[in-house]
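>>> Just the structure for this:
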Amino acid sequence: MSDGKAAAAAYWKENLRVLLTLLCVWFAVSFGCGILFVDELDKFVVGGFPLGFWFAQQGSIYTFVALIFVYVWQMNRLDRKYNVAEEGE
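Purely as a prediction, here's the structure:
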């Protein structure tokens, strides 16, 4: 395998690792906190609402938006590491 193909394979492998990690976090927050652990979380109150309800309605959305920013930051780092950054970065 040439250096270019090896670098592309390494870049893709790290890209998938970042993506799968963030998807696991999103799944844990949206499904875990909003459905599986809702009874335990409902023992706590945030803004007058049970925490499990809050995660199901708002928390998973906030987490998703935060994960978008984390993904952009991680991919920009990865692009610079493998020298594939876009112009102006």
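
>>> for the residue nearest the centre of the chain, what are its contacts?
Closest to where the C-alpha atoms of the chain average out (Cα atoms, centre = their mean) is L22, at 2.7 Å. By Cβ atoms under 8 Å, 6 or more residues apart in numbering, L22 lies in contact with 67, 70-71, 74. All C-beta atoms are positioned from the backbone trio N, CA, C, and that covers glycine.

>>> shaky segments in this protein?
The chain contains residues with pLDDT under 70 at 1, 87-89.

>>> now do 90
Counting by pLDDT under 90, the chain shows low-confidence ranges at 1-8, 29-35, 37-38, 46-49, 51-61, 83-89.

>>> now the strands for this protein?
Applying DSSP state E to the chain gives strands spanning 45-46, 49-50.

>>> if we compare these, which one ends up closest to K13?
Closest to K13 of the strands of the chain, according to Cβ to Cβ: strand 45-46, at 38.6 Å.

>>> And the closest one, how far out from the chain middle?
Distance, stretch centre to chain centre, for strand 45-46: 24 Å (Cα atoms, centre = their mean, to the nearest Å).

>>> where exactly do the helices run in this protein?
Listed in chain order, the helices found in the chain under DSSP state H are 3-27, 38-41, 51-54, 60-81.

>>> for the last one, packing partners?
Read that as helix 60-81. For helix 60-81, the packing partners by 3 or more Cβ pairs under 8 Å, 6 or more residues apart in numbering; DSSP states H and E come out as helix 3-27.
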